[in-house]
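return atomic coordinates for the entry below.
(3 chains)
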Amino acid sequence: MRIGYPCINRTIDCTANNTFRLKSYSEIRLIDSLNKNLECLRKILQFNVENGLLFFRISSDLVPFASHPRNSFNWQKRFQEEFKGIGEHIIKNRIRISMHPDQFTLINSLTEEIFQRSKNELEYHAEILDLMNLDTTAKIQIHVGGVYGDKEKSIERFIERFNKLDKFVTRRLVIENDDRLYNVNDCLKINSETHIPILFDAFHHKLNNSTTQTTQEYFKLATRTWNEKNDGAPMVDYSSQKPDGPPRQHAETIDLADFGFFLRQTEPFDYDVMLEIKDKEKSALKALDFAMGDLRVKNFNKLASIKLF
DNA sequence: GCGAGTCAAGGTAGG
DNA sequence: CCTACCTTGACTCGC
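Residues are numbered from 1 along each chain as shown, chains lettered A, B, ... in the order given. The predicted structure follows:
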């Protein structure tokens, strides 16, 4: 098991998602942001390795306006050495990497234009991971998309569109159950047609499940869609409800009692867990401490003390 | 230097 | 058909 957190580190004084407004777009701004973002990504990964956090989600904002028509700059070529260097450190330290395009990426959209934009956005994500020379265990996670008044048809459309994507994207693509529309059962239907792995989101599952099957059973159904050799250990998203917050809001900091309960529920399995919690690496470190002290967590990937960079 | 308003992209619910 | 809301951080502008 590896433990990780998404995109932002609040301890380090920099972020890997510097951006700007479209109105102020220029090649200079783009290069400047990308320089800062790659430099900061290095620092974050360095911090993570030093602290035993070996799972990380790279921000979709790493390259501002990457798939926007306004941007015709060949950033792939300009920064290929930098990407390659970061990739080498990721591989050397056996860091697990994921990416998560945001809500506007909808491959099952009713309109061809939105599908095309989504396809471009997915290709951008795959390019980043390719430029780093990461194998297919580095994943891109998306939700199934909209329902558009007819879930059956929308699932069919997802499958048709999935089959239109290039191999360099689909080999990295996984789907995640969401909190309102598509639950694990829906994802399983898509998996039976496409063999796309299902990323189990524990919090979303709590908020959106239609049967009496337990978390354990669904966890098992979802995680066994991952092919160990090509996909690596299953990725899992974990978070909990913010106490006294509006429903669905993610907690400010980790609830170790709840996390411990989740670990026990999923005990026999090896997987990598992403903690979607507001205070980011702070909670991830608490969880790491907790898990290392918990003898029941098997296959625990202890800190590799190799120095980065 | 600060706070408020706004930001590429879509969808759903409620009216 | 139209509007509010989802959800988050950070850019940008006006003071």
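
give me every residue that touches the residue lying closest to A:N183 once chain neighbours are set aside.
Once flanking residues are discounted, A:N183 sits nearest to A:N208: 4.8 Å by C-beta to C-beta, 6 or more residues apart in numbering. Bear in mind the C-beta positions are built from the backbone N, C-alpha and C, glycine included. Contacts of A:N208 were listed using C-beta atoms under 8 Å, 6 or more residues apart in numbering, and they are A:N177, A:D178, A:D179, A:R180, A:L181, A:N183.

so what touches stretch A:98-107?
Contact with stretch A:98-107 is made by A:4, A:6, A:55-58, A:60, A:114-115, A:117-119, A:121-122, A:125, A:128-129, A:138-143, A:145-146, A:158, A:161-162, A:165, A:235, A:274, as judged by C-beta under 8 Å, 6+ apart.

near DNA strand B at all, the biggest helix by length in chain A?
In chain A, ranked by residue count with DSSP state H as the criterion, the top helix is helix A:27-51. No: using C-beta under 7 Å from any atom of the strand, helix A:27-51 stays clear of DNA strand B, with a minimum separation of 11.3 Å.

what about the helices in the stretch 201-309 of chain A?
With DSSP state H, counting those that start in this stretch as the criterion, the stretch 201-309 of chain A has helices at A:202-207, A:215-223, A:228-231, A:256-265, A:281-292.

roughly how far is the first one from the heart of the chain?
In this view, helix A:202-207 has its centroid 16 Å away from the chain centroid, taken as C-alpha atoms, centre = their mean, to the nearest Å.

by contact count, what packs against it?
helix A:215-223, strand A:235-238 (3 or more C-beta pairs under 8 Å, 6 or more residues apart in numbering; DSSP states H and E).

quick one: buried residues of that helix?
Under the neighbour-count criterion of 16 or more other C-beta atoms under 10 Å, helix A:202-207 has A:A202, A:F203, A:H204, A:H205 buried.

could you look up the SS state of A:I97?
Secondary structure assignment for A:I97 (DSSP: H, G, I helix; E, B strand; the rest coil): strand.

what residues are bridge-paired with it?
On the basis of DSSP bridges, A:I97 is bridged to A:F56.

distance of it relative to DNA strand B?
Applying C-beta to the nearest atom of the strand, to the nearest Å, the value for A:I97 to DNA strand B is 19 Å.

follow-up on the earlier one: now, of the contacts of A:N208, which are buried?
Taking 16+ other C-beta under 10 Å as the criterion, what is buried in the contacts of A:N208 is A:N177, A:D178, A:D179, A:N183.

distance of the residue in the stretch 51-200 of chain A that DNA strand B sits nearest to from DNA strand C?
Proximity of the stretch 51-200 of chain A to DNA strand B (C-beta to the nearest atom of the strand) peaks at A:G146, 3.1 Å away. A:G146 is 11 Å from DNA strand C, where distance means C-beta to the nearest atom of the strand.

so what's that residue closest to, chain neighbours aside?
A:G146's closest residue in space is A:L106 (C-beta to C-beta, 6+ apart), at 6.1 Å.

hey, where'd the strands end up in the stretch 101-250 of chain A?
Using DSSP state E, counting those that start in this stretch, the strands of the stretch 101-250 of chain A run over A:139-142, A:173-176, A:198-201, A:235-238.

ok, which of these comes nearest A:Y25?
Taking C-beta to C-beta, strand A:139-142 is the member of the strands of the stretch 101-250 of chain A nearest to A:Y25, at 25.1 Å.

now do the buried residues in that closest one.
For strand A:139-142, the neighbour count (16+ other C-beta under 10 Å) marks A:K139, A:I140, A:Q141, A:I142 as buried.

can you redo the residues you listed as TSV with pLDDT and distance to A:G293?
Output for these, formatted as TSV (pLDDT from 0 to 100; distance: C-beta to C-beta, whole Å):
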residue	pLDDT	distance to A:G293
A:K139	97	29
A:I140	97	33
A:Q141	97	29
A:I142	96	35
